[in-house]
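> how would this look folded up:
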Amino acid sequence: MSGFESIAVYVPDHVHTYSLGLVPEVFGGGAARGLPAFGIRYCTDRPGRLTTDLGLSFVVGNGPDRLAGADLLVVLPSAEPPEPSAELTAAIRGAHRRGAILASHGVGTYTLAATGLLDGRRATTHWLRVDDLAARHPAVEVVPQVLYVDEGRIVTGAGAGAGIDLYLHLVRREHGSTVANTIARYIVVPPYREGGRAQFAPAPSDSEGERLTGVMDWAAANLDRPLPVTEMARRALMSTRTFVRRFKAITGTTPHAWLLHQRLIRTEELLESTELPMEEVARRVGYASATVLRERFVKHRGVPLRAYRQAFDATATRRTAEPPDVRRYGSSDR
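So this is what the prediction gives:
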């Protein structure tokens with residue numbers, strides 16, 4: 001069974017401009033990159049001319065009826081929380097009933113909440129609106145301080161920037177790390193980002209940023225080594241304390257956590273694209289034994305190594321079985 005292929009995008013009037021561009025940025029042009037070719041169609045309440053929150057004008061030719069049949073239904077955010085029509089609510093609920101994955105971020109989460117599909121589930125939205133969403137929809141468990149919440153077939157994200165994290169997470173979950181990482185490289189974003197709001201920390205100077213980037217590139221190319229923080233700091237020409245502080249300022253996480261995620265991402269790639277023994281996989285990502293790697297992988301990805309490998313085919317481009325339960329902030333599907 002393959003991952004999602006067809007994508008329906010609900011576009012409200014006064015849609016958030018940046019969010020409107022995220023879907024084609026992440027999911028478009030796949031065939032030219034040797035990736036899955038996602039089919040994208042845009043739908044709105046009444047086909048015709050719409051305006052973004054910045055006043056840009058464009059035309060959407062499909063109504064809510066065209067939301068049906070898509071594997072993935074993306075609900076884009078508008079400038080303010082909307083009151084979805086009965087027709088839109090029915091279309092979203094129908095898509096969910098037929099097995100579609102539903103995704104939204106920011107104010108788009110309000111639209112999903114209004115359908116009742118988030119009742120009893122966890123969800124998130126932009127940090128400025130967390131309390132408001134919880135007050136308007138008390139049956140929803142609103143989770144603050146995360147980039148996205150994965151509840152299986154319903155995934156919600158925080159602000160517009162978190163939309164990229166959410167979409168890459170869905171690609172990783174449904175199509176594998178190799179596809180997600182390739183897309184991330186094309187659009188020049190980190191393939192995996194920690195979930196806090198640390199992106200609001202002060203940015204380091206340009207020279208510090210260049211040194212840190214060089215060290216990160218070196219570390220990513222040498223994951224088979226122990227890579228102590230002291231060695232990374234020495235390469236950055238900083239004391240260990242300064243290095244840790246500057247590293248967190250530019251990445252939003254600690255060197256230890258960043259290295260862990262780099263090792264796990266590389267593990268996923270090796271499991272998807274090779275038949276290497278687990279001991280060799282462990283060696284290539286810097287662990288002394290497969291036992292240690294298994295413990296780390298299960299703890300942070302929620303699935304055994306062999307189960308993850310079995311979920312992907314040898315080319316690591318399409319899924320051949322149901323995805324492992326690797327939900328980052330998820331619960332059992334309902």
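
> sec struct for the closest residue to Y110 other than its chain neighbours, please.
With Cβ to Cβ, 6 or more residues apart in numbering as the measure, P81 is the residue that lies nearest to Y110, at 4.1 Å, once sequence neighbours are left out. C-beta coordinates here come from the backbone N, C-alpha and C atoms, glycine included. Secondary structure of P81, reduced to three states by DSSP: H, G, I helix; E, B strand; the rest coil: coil.

> ok, now T125?
Of the three states, T125 takes coil according to three-state DSSP.

> who's in contact with it?
For T125, the set of contacting residues under the criterion of Cβ atoms under 8 Å, 6 or more residues apart in numbering consists of 105-107, 109-110, 133, 142, 156, 158.

> Just the residues you listed: which are in strands?
Taking DSSP state E as the definition of strands, the contacts of T125 contribute 105, 142, 156.

> returning to that earlier point: do I have it right that the residue nearest to Y110 meets G108?
No. Judged on Cβ atoms under 8 Å, P81 makes no contact with G108 at a distance of 9.6 Å.

> okay, those two: which has more neighbours?
When neighbours are counted by other Cβ atoms under 10 Å, G108 comes out ahead of the other of P81 and G108, with 28 against 19.

> before we move on, the earlier item: please produce a markdown table containing the ones in strands among the contacts of T125, extended by neighbour count, distance to A95 and pLDDT.
As requested, the ones in strands among the contacts of T125 are exported to a markdown table (neighbours: other Cβ atoms under 10 Å; distance: Cβ to Cβ, whole Å; pLDDT from 0 to 100):
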| residue | neighbour count | distance to A95 | pLDDT |
| --- | --- | --- | --- |
| H105 | 31 | 17 | 97 |
| V142 | 23 | 23 | 95 |
| T156 | 32 | 15 | 96 |
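
> Which element, helix or strand, includes the residue lying closest to S289 once chain neighbours are set aside?
Closest residue to S289 in three dimensions, ignoring its sequence neighbours and counting by Cβ to Cβ, 6+ apart: A282, at 5.9 Å. Assigned by DSSP states H and E, A282 belongs to helix 278-284.

> How about that helix, which residues are buried there?
For helix 278-284, the neighbour count (16 or more other Cβ atoms under 10 Å) marks 278, 281-284 as buried.

> what's in contact with stretch 106-113?
Counting by Cβ under 8 Å, 6+ apart, residues outside stretch 106-113 touching it are 10, 12, 16, 19, 75-82, 84, 88, 92, 102, 104, 118, 123-126, 129, 133, 136-137, 140, 154, 156-160, 162-163.

> Of those, grab the buried ones for PyMOL.
Buried members of the contacts of stretch 106-113 can be picked out in PyMOL with the line below, counting by 16+ other Cβ under 10 Å:
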select buried, resi 10+12+16+19+75+76+77+78+81+82+84+88+92+102+104+118+123+124+125+126+129+133+137+140+154+156+157+158+159+160+162+163
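
> and A8, what does it touch?
Shown here is A8, whose contacts under the criterion Cβ under 8 Å, 6+ apart are 41-43, 66-70, 72-74, 95, 100.

> At which residues are the helices of the chain located?
When assigned using DSSP state H, the helices of the chain occupy the ranges 17-27, 86-97, 108-114, 130-136, 160-175, 177-187, 206-220, 229-235, 240-251, 255-273, 278-284, 290-301, 305-310.

> Output the ones you listed as JSON lines; include the columns distance to R33 and mean pLDDT.
Listed next are the helices of the chain as JSON lines, based on distance: least, Cβ to Cβ, whole Å; pLDDT from 0 to 100:
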{"stretch": "helix 17-27", "distance to R33": "11", "mean pLDDT": "94"}
{"stretch": "helix 86-97", "distance to R33": "27", "mean pLDDT": "97"}
{"stretch": "helix 108-114", "distance to R33": "27", "mean pLDDT": "98"}
{"stretch": "helix 130-136", "distance to R33": "36", "mean pLDDT": "97"}
{"stretch": "helix 160-175", "distance to R33": "12", "mean pLDDT": "92"}
{"stretch": "helix 177-187", "distance to R33": "6", "mean pLDDT": "86"}
{"stretch": "helix 206-220", "distance to R33": "21", "mean pLDDT": "81"}
{"stretch": "helix 229-235", "distance to R33": "32", "mean pLDDT": "95"}
{"stretch": "helix 240-251", "distance to R33": "26", "mean pLDDT": "88"}
{"stretch": "helix 255-273", "distance to R33": "16", "mean pLDDT": "91"}
{"stretch": "helix 278-284", "distance to R33": "25", "mean pLDDT": "97"}
{"stretch": "helix 290-301", "distance to R33": "25", "mean pLDDT": "92"}
{"stretch": "helix 305-310", "distance to R33": "24", "mean pLDDT": "88"}
